[in-house]
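K.L.:
Mind looking at a prediction? Sequence and model below.
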Amino acid sequence: MISHFHNLMRFHSYQLFCLGFVACVLLHTPTEATIVVPSSATTASDTAREIAATVNGEPIYASAIDAQIELLIPNLDRKSARYQKLRCDLLAKTIDRYLALEYLHHSKIAASNDDIQLAIIRLEKRLKLKQQSLADYLREQNISRAELRHRMDWQISWNRYLNKYLSDTNLQKYFTDYKSQFDGTTSEISQILLASHPADPAKQKITFDQANQIIRDVRSNTISFSTAAKKYSISPTGQTGGLVGSIKYQGSMPLQFSDIAFALEVGEVSVPFESEFGIHILRCNSIKVGTRTWQQARPQLREALVESFFRFLVNTRRKMLKDENKLGKHIEINSAWQ
């Protein structure tokens with residue numbers, strides 16, 4: 001188990017959307033798409049539904065993605081840019097879930113046909129107590145029987161994997177490896193923010209060239225970071241020398257910002273990186289080590305470790321397909337969703 005855990009760490013991703021995402025994927029209802037468990041035949045009603053993507057030939061329906069958005073943000077305007085971005089993001093996460101499930105079946109950890117059928121029988125019994133049939137339930141959820149089987153397959157398989165690997169031993173190991181993210185450590189950060197031009201590659205290159213020149217000048221002591229921030233930064237913090245203040249890894253800053261900030265040593269200046277706010281250059285001014293124990297950080301640890309496990313499954317499955325030169329054909333996305 002420990003060697004498997006060490007492999008997982010090499011695939012570690014710091015995207016701590018985990019619990020929200022796990023809830024999302026457990027609720028979401030695309031059709032079954034695994035390399036072991038076959039789905040039932042496509043129904044006439046399925047053929048009228050828009051297909052957002054296919055994974056190994058199995059469709060992910062647009063209606064399933066829209067249902068997730070309705071659960072997350074009810075009544076969001078479907079014509080808004082936010083809605084369209086959510087659609088694309090959730091489709092990408094759904095495709096990843098399909099790949100994770102494929103890897104679980106490949107690894108013989110996943111649910112069997114008998115496991116899935118037993119889960120459906122148990123569901124039917126619960127529905128019967130409410131005087132509701134399975135057909136009524138499927139209509140209410142707007143899913144097919146194949147989609148229900150996929151949902152059961154994922155829930156059983158993913159929970160089985162977590163039950164095997166989400167142990168106190170692995171939580172403690174994870175805490176040791178990424179201690180500053182969980183023990184309450186704070187890092188005092190200053191930044192220089194430059195305007196980004198994602199729609200204009202030529203301007204974007206000029207800005208990145210400028211950022212790299214600023215970094216060279218700061219590192220060679222040609223100019224201080226504070227002076228450079230006052231001279232170049234478009235952020236309001238530029239007028240005070242770029243001081244952002246003390247931040248925690250799991251604080252209010254975007255995760256990309258925290259990832260880079262907490263990788264810096266005291267006095268170190270980052271490479272330039274882009275976010276939705278612009279092009280950033282960070283400097284670590286000081287670090288105050290935290291005192292939280294792994295037990296105190298357990299909820300955040302579980303969240304991060306679950307996400308790390310998920311990314312490991314997805315990345316490993318993608319590598320398998322890439323090595324077999326099958327990745328492009330295995331995942332096909334509707335051009336309207338790209």
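P.N.:
Yep, that arrived.
K.L.:
mind listing the strands for the stretch 201-338 of the chain?
P.N.:
In the stretch 201-338 of the chain, the strands defined using DSSP state E, counting those that start in this stretch lie at 243-248, 273-275, 278-288, 331-333.
K.L.:
Single out the most deeply packed of the ones you listed.
P.N.:
Among the strands of the stretch 201-338 of the chain, strand 278-288 has the highest mean neighbour count (mean count of other CB atoms under 10 Å), at a mean of 20. Placement of C-beta: from N, CA and C, glycine included.
K.L.:
List of residues touching that one?
P.N.:
With contacts defined as CB atoms under 8 Å, 6 or more residues apart in numbering, strand 278-288 is touched by 180, 185-196, 207-208, 211, 214-215, 218, 225, 234-235, 242-243, 246, 257, 260-261, 264-274.
K.L.:
neighbours around S187, how many?
P.N.:
By other CB atoms under 10 Å, the residues close to S187 number 24.
K.L.:
Can you check my assumption that it lies in a strand?
P.N.:
Yes - according to DSSP: H, G, I helix; E, B strand; the rest coil, S187 belongs to a strand.
K.L.:
Cross-check the contact I'm expecting between it and S246.
P.N.:
Yes - the pair S187 and S246 qualifies as a contact (CB atoms under 8 Å) at a distance of 6.8 Å.
K.L.:
Could I have the buried ones of the contacts of strand 278-288 as ChimeraX selection syntax?
P.N.:
Only the buried entries of those go into this ChimeraX selection, using 16 or more other CB atoms under 10 Å:
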select :180,185,186,187,188,189,190,191,192,193,194,196,207,208,211,214,215,218,225,235,242,243,257,260,261,264,269,270,272,274
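K.L.:
Is A111 part of a helix or strand, or is it coil?
P.N.:
In three-state terms, and counting by three-state DSSP, A111 is coil.
K.L.:
picking that back up, filter the contacts of strand 278-288 down to the ones in helices?
P.N.:
Using DSSP state H, the subset of the contacts of strand 278-288 located in helices is 207-208, 211, 214-215, 218, 225, 257, 260-261.
K.L.:
List just the nearest of those residues to Q132.
P.N.:
Using CB to CB, the shortest approach to Q132 within these belongs to F257, at 47.8 Å.
K.L.:
ok, that closest one - contacts?
P.N.:
275, 280, 282.
K.L.:
Can you give the distance from the helix or strand harbouring Q117 to the centre of its chain?
P.N.:
Following DSSP states H and E, one finds Q117 within helix 113-129. Mean-position distance between helix 113-129 and its chain equals 31 Å (CA atoms, centre = their mean, to the nearest Å).
K.L.:
Just the buried positions in that helix, please.
P.N.:
115-116, 119-120.
K.L.:
And for stretch 166-185?
P.N.:
Judged by neighbour count (16+ other CB under 10 Å), stretch 166-185 contains these buried residues: 170-171, 173-175, 178, 180-185.
K.L.:
export those to JSON lines and tack on pLDDT?
P.N.:
Listed next are these as JSON lines, based on pLDDT from 0 to 100:
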{"residue": "N170", "pLDDT": "97"}
{"residue": "L171", "pLDDT": "97"}
{"residue": "K173", "pLDDT": "97"}
{"residue": "Y174", "pLDDT": "97"}
{"residue": "F175", "pLDDT": "97"}
{"residue": "Y178", "pLDDT": "94"}
{"residue": "S180", "pLDDT": "94"}
{"residue": "Q181", "pLDDT": "94"}
{"residue": "F182", "pLDDT": "96"}
{"residue": "D183", "pLDDT": "96"}
{"residue": "G184", "pLDDT": "95"}
{"residue": "T185", "pLDDT": "97"}
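K.L.:
Let's have these in JSON lines, adding distance to D136.
P.N.:
Shown next, in JSON lines, are the buried residues of stretch 166-185 (distance: CB to CB, whole Å):
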{"residue": "N170", "distance to D136": "42"}
{"residue": "L171", "distance to D136": "42"}
{"residue": "K173", "distance to D136": "47"}
{"residue": "Y174", "distance to D136": "44"}
{"residue": "F175", "distance to D136": "47"}
{"residue": "Y178", "distance to D136": "47"}
{"residue": "S180", "distance to D136": "52"}
{"residue": "Q181", "distance to D136": "46"}
{"residue": "F182", "distance to D136": "46"}
{"residue": "D183", "distance to D136": "50"}
{"residue": "G184", "distance to D136": "50"}
{"residue": "T185", "distance to D136": "53"}
